[in-house]
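[1] After the sequence you'll find the predicted model.
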Amino acid sequence: MKRSTRIFVGMVVGAQAAFAFATAPALAADDSIVLALPTEPTSLDVCDDSTHANSRVLRGNVVESLTRLDPQTGAVQPLLATQWSQIDANNWRFTIRPGVKFHDGTPLDAKAVAFGINRAMDPKLVCQTYSLFTTKTTASVESDMVVKITTAAPDPILPAHIANIDLPSPATPADAKSAKPIGTGPYELAARDIGQSITLKAFAGYWGKTPDFAQATYVWRAEPTVRAGMVKAGEADIALDIPYDQTKGLSNAQQYSTNSVFYLRPMLQKPPLNDLRVRQAVAAAIDKQTLTEVLMDHSGSPTDQLVTPLINGNIPNYAGIPFDTDKAKSLLAAAKADGVPVDTPITLVARSDLFSGASEVDQAIQQMLEDAGFKVVLKPVDSVAWSAWARKPDSLTQPVNLLTSAHANMSGDASLSFPNFFTSKGRLGVANDKELDSQLAAAAVAGGDARTQAYRGAAKRAYDQEIVIPIAVLDSRLLTSAKVSYQANGFTDMELHLADVRHAQ
Amino acid sequence: MIKFLSFRLTTSLIALVGVMIIVFFLARLTGSPASLYLPVDATDAMIRAFNQQNGLDQPILVQFVHFVGNVFRLDFGQSLSQQRPASEAVLSAMPQTLLIAAIAMGLTLLLSIPLGTFAALKPNSPLDRAITFFSLVTSSIPEFWFALVCVLVFSVNLGLLPTSGQGSLASWVLPVATLMLHPLGVLTQVVRGAMLETINAGYVQNARARGYSWQRLAFRHALRNASLPIITVAGDRAGGMLNGAVIVSAVFAWPGIGQVLVAAVYNRDFAVIQAGVFVVGIAVILLNILVDLIYAAADPRIRIS
Amino acid sequence: MTITQTLAPARPTLGIRLKSTFSTGRLGLLMHSPLALASALTLFVLVLVATIGAPFAQDVANMQNLRLRFFPPFSLSHGWLYVLGADALGRSMLAQLVVGARTSFIVAGAAVGLATIVGTAIGLVSGFLGGWVDAALMRISDIIVTVPSLLLALAVLFVLEPSVINLVMVLAIGRLPIYLRVSRAQTLELRERVFVEASRAIGASDFSIIWRDIRPLVMPTVLTVAMLELAMVMLAAAGLSFLGVGLQRPDVDWGTIVSEGREYLTRAWWATVFPGMAIVITALAANLLSNWLRASGDPLQATALVAAPSRDEDARK
């Protein structure tokens, strides 16, 4: 017995020593906040900050761009550029805000801006933001504080597009990704414990208003119950992506639109989905109202369009095929009478990580389709497996399927939405419609009202052919602690500006 | 002894090579990282550039040869998701894992041996029934469910313990408890079973007939002879703790190799998967050698050769 | 467990003496042990439900009724199907549990069975032969322990289809080492015993010594472990579901139901508690029965079965 006692004592002492080492900053001080997010950024490089996980931390906090979009109206506003003008169809001139410094002390000038833009546009660097630009975009120094941006093909909405490129310090390596983002934002990167947390601290030399909180720590918690629990237990001040039932009855919960549209994409190159009536039957079979109101607990609203009213391609008052199981049945019967093999099993490619509760929604859709007479096989996939069904060229060789997907566009412009899904070259589309191709090609170079009308026309044609079957605009929820006051907006899902987080009154 | 150790080490290293080969190909069966690290609408050129930069464009056998060559220099390559060497990502997580595994295993043994022994001393008594019931219930509750309920009860409702993360001493309670949940139940049962067996063996019965007290017999003699299955199961569970604590890291965001490996698998971070499995492999090999040494110490009839 | 196992070579006389008692008295003993009897009955009913009930419940279990989303349990206002409430899609919990029972039993039974047979066979050979064979086989076990089951599951899920068979394979491979170790450890000890020497002296082959002398003595421990593992495997399957790589709908086992319901812990406790309880009850029953079987299979432990000391003495005579 003696021996085991000694071992025990030794162990306890060892454990205590270990605890002492492991002790981290316990309770957050008054001027610092903790944010509980579901996923850690996959890259901290400025040019990768167009994915949710990356942009939530970096955009508007650590790094900034020449322009920004208004979360309410989608209008382009000045940020690091004070003004801009179009020289000709392919050239733009941006005047840079004076007195702005990067976190490393370098002043922001035309050279730094040109460096940042050209770096992100370097195909060899393989940046996330690169694919947001359909035409080659380059920047050059015109004078000390004026930069010229040139596009290979006309880009009438370049000032909106350029909001996607955040500007890093010229000290950032040009030919390699960097894990140390140095920007001009109100916060600078203070510490990173990979897998655990990222800490930002307020940047003393910020050109704008000093934010309320001197420090912000992001922690990653995959389980929504734990994220919500952190706010409820006073460990975190903001928790994102909280399911409805964990926010029910809480006054500190907010619901906000993610501007992300959940939709089905029929594989329209293979029977039976190559028949328009069958696709219309799919649309008629799905009860979007019940899905959003009951199953998604109002965390979504039914939609018939791929883009939200924030985007110019949104058609006001457009209505698609209404829910009507009988109509779906008769459409199917008509197709069957013409020899369309409507009994072919259709694979419903269900990606469960699209939004919280997605797998239940997928199962409900399966049942709705089967009620209308379809044969549907559910195939759950993760994002990597999903990609083989979604992306060309693999997507073209897959068996007939309905692909679940979500699309978010916050740029205000449909050019980041429609070409990809509707044209024959679109990476995520399976359509092959010459008329639609030329409509969208014309829209891309049009400006102003003509652009809006052109995109709406193309959208109408695509929806009439059921190239995509939109289901719901997704909402999300966040919880805030009593310490902070934060008003969620349409951009919260992508950009959570810490400067907007204020002391609670 | 030295012969035994060198024999074990060489055969174990051969096994490790086997593991690395399996893991190398297994990881690549889970799909291409390009579809994860690039935008969904990435162009072919982007995918090509990405694959080229990360050495994924070469035939898989060429990649393998390259990988083997680097492993001999203990170079596991760069992590895709962490922008640092994979070996660094893994090694920085290992101390946490070793520590929590040691604590959880130590506490498990401390609790399960007395519990199992007392249960075995009086089979079918109320005490035995209670211990058996307790151990069976703990070993059959889903870990993630237990962990989440604990968070709701102890952190959210009672406010006693932190929900997650690693900070104060209190933050260790729930992860350690979750990690102990199944091993505790299983080991208590194993101790009880093994003790019953030895207690009923002829020589213990004889000793009892000669008037030795039960307690003395149980802890002095029977336990030693019952130790083989106990060591075996404890060793197995300890190996599981080294490798996993996956649920603990998923729920509590507990830092450690479990979290690193899970993230690496989901992120298709091949370099980290390989480095992680390599390091865990070495830890498991050492643990197994330790278990064999304990076998020999516990039972003189087992020769180390 | 068979009668031959009671003929433990270490104590042959006793075994023979008890043989007659056992062939007639096993059921009788069960009748006298209320706990074991209850366990046996519980398992029997569960298996019955799984085999007979599941085919009938299959269609009902998949029938969604969104108006009954999270319908609370213990109310008959929508018929007895909803007596245990409804899940997120308004499916009957009861029907889900019945269908889940079948899958859970198939998965756990097959995985444990496979792992037991393969693991024990390797362990016996490994422990008995020793040397290079032992070293090689044990290192295979090390390999299995080291490869993360999550990686294995993900690879299998990705390359093959997520299905019951593949899940069984993943779980069986992952649990193989424990049987291997347990049987090897016992064999290591047993091969040094006198009766093995005796068998060898009369010219018995290695195989026959392993099969006739050692296996019967190793089996009780292995079976105890296997019974414990039954629940473990159900839980491992649940863990994989939690990590998103377990069974996928329409296939459903108890673990999947617990995992799906975890998001609604605060709102609909029944979505996780009932399937969780099903696992716990199965585990309890299986374990209590295994304890009893082992005790009754082991002539020396048989004494411990009957509560009254006086009858205890009788049984020994």
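    Thanks, I have it.

[2] Number of residues surrounding whichever residue of chain A sits closest to chain C?
    Chain C sits closest to A:Asp245 of chain A, with a gap of 3.8 Å, by CB to the nearest CB. Yep, even glycine has a C-beta here, placed from its N, CA and C like the rest. A:Asp245 has 18 neighbouring residues, counting by other CB atoms under 10 Å in any protein chain shown.

[3] Now do the same contact list for it.
    A:Asp297, C:Glu263, C:Tyr264, C:Thr266, C:Arg267, C:Ala268 (CB atoms under 8 Å, 6 or more residues apart in numbering or on different chains).

[4] can you rerun that using 6 Å?
    A:Asp245 is in contact with C:Tyr264, C:Arg267, counting by CB atoms under 6 Å, 6 or more residues apart in numbering or on different chains.

[5] Would you mind measuring from it to C:Glu263?
    Per CB to CB, to the nearest Å, A:Asp245 is found 8 Å from C:Glu263.

[6] Contact residues of the stretch 101-250 of chain B facing chain C?
    Selection of the stretch 101-250 of chain B residues close to chain C by CB under 6 Å from any CB of the partner chain yields B:123, B:136-137, B:140, B:142, B:144-145, B:148, B:186, B:189, B:193, B:200, B:228-229, B:232, B:236, B:239.

[7] Next step: the residues you listed restricted to helices.
    With helices taken from DSSP state H, the overlap with those comprises B:136-137, B:144-145, B:148, B:186, B:189, B:193, B:228-229, B:232, B:236, B:239.

[8] how about the residues you listed, which pair is most distant?
    Farthest pair in those (CB to CB) is B:Leu148 and B:Leu228. Separation: 36.5 Å.

[9] Could you count how many residues lie near the residue nearest to A:Gln196 when sequence neighbours are not counted?
    Nearest residue to A:Gln196, sequence neighbours excluded (CB to CB, 6 or more residues apart in numbering or on different chains): B:Pro255, at 5.5 Å. By the criterion of other CB under 10 Å, B:Pro255 has 23 neighbours.

[10] Please apply the same query to B:Ser79.
    25.

[11] CA atoms of stretch B:137-156 as PDB?
    Once non-C-alpha atoms are left out, stretch B:137-156 reads as follows in PDB (Å, rounded to 0.1, in the frame of the first residue of the first chain):
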ATOM      1  CA  VAL B 137     -23.900   2.600 -16.600                       C
ATOM      2  CA  THR B 138     -20.800   4.700 -16.800                       C
ATOM      3  CA  SER B 139     -19.400   2.500 -19.500                       C
ATOM      4  CA  SER B 140     -22.500   2.700 -21.600                       C
ATOM      5  CA  ILE B 141     -23.300   6.400 -21.800                       C
ATOM      6  CA  PRO B 142     -22.400   8.000 -25.000                       C
ATOM      7  CA  GLU B 143     -19.400  10.200 -24.200                       C
ATOM      8  CA  PHE B 144     -20.500  13.200 -26.300                       C
ATOM      9  CA  TRP B 145     -23.900  13.200 -24.700                       C
ATOM     10  CA  PHE B 146     -22.400  13.000 -21.200                       C
ATOM     11  CA  ALA B 147     -20.000  15.900 -22.100                       C
ATOM     12  CA  LEU B 148     -22.800  18.100 -23.400                       C
ATOM     13  CA  VAL B 149     -25.100  17.400 -20.500                       C
ATOM     14  CA  CYS B 150     -22.300  18.200 -18.100                       C
ATOM     15  CA  VAL B 151     -21.700  21.500 -19.900                       C
ATOM     16  CA  LEU B 152     -25.400  22.300 -19.600                       C
ATOM     17  CA  VAL B 153     -25.700  21.300 -16.000                       C
ATOM     18  CA  PHE B 154     -22.400  22.300 -14.400                       C
ATOM     19  CA  SER B 155     -21.400  25.300 -16.600                       C
ATOM     20  CA  VAL B 156     -24.600  26.900 -17.900                       C
END
